[in-house]
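>>> got a sequence here, can you model it:
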Amino acid sequence: MNTYQIIRLARELRKNQTPEEKLLWMNLRNRKFHGKKFLRQHPLIYGSYKNNPKFFIADFYCAERNLVIELDGKIHDFQQEYDEHREMIIREMGLKVLRVKNEEVADMINVLKKIKSYF
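Just a heads-up that it's a prediction; the model follows:
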């Protein structure tokens with residue numbers, strides 16, 4: 001997959017947000033949260049293989065705080081090893097990773113407190 005295709009994929013994911021992603025985005029967008037700029041469905045390129053970028057798409061990303069926020073739905077119960085590997089690579093990039101379960105988003109005040117604690 002080339003860079004253009006990665007960007008197209010990220011745009012497609014932005015159009016098809018989960019309800020939990022939409023709710024969290026409403027609280028993070030336009031610098032609403034402590035004046036920090038967050039991006040959603042942001043590609044993180046960490047290398048290449050045969051001239052193709054190796055990448056992850058972070059649910060939310062704040063460059064000002066080197067923070068990646070991942071919202072975990074039920075599928076993450078079945079891919080823990082993959083998530084751990086992915087998180088290790090993201091941490092090696094010098095980024096912090098905060099995982100939030102979809103169920104937690106119902107209590108937005110606590111989710112926002114959790115995000116703030118990673119600042």
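
>>> could you list the low-pLDDT ranges of this structure?
Along the chain, the parts satisfying pLDDT under 70 run over 75-79.

>>> and the strands in it, which stretches?
39-49, 52-62, 67-72, 96-101 (DSSP state E).

>>> can you list these in CSV and add mean neighbour count?
Quick note: C-beta positions are derived from backbone N, CA and C, even for glycine. As requested, the strands of the chain are exported to CSV (neighbours: other CB atoms under 10 Å):
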stretch, mean neighbour count
strand 39-49, 15
strand 52-62, 18
strand 67-72, 20
strand 96-101, 16
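
>>> who wins for proximity to Phe119 among the ones you listed?
strand 67-72 (7.6 Å; CB to CB).

>>> the closest one vs strand 52-62, what angle?
Strand 67-72 and strand 52-62 are oriented at 90 degrees to each other (axes from the mean of the first three to the mean of the last three CA atoms, to 10 degrees).
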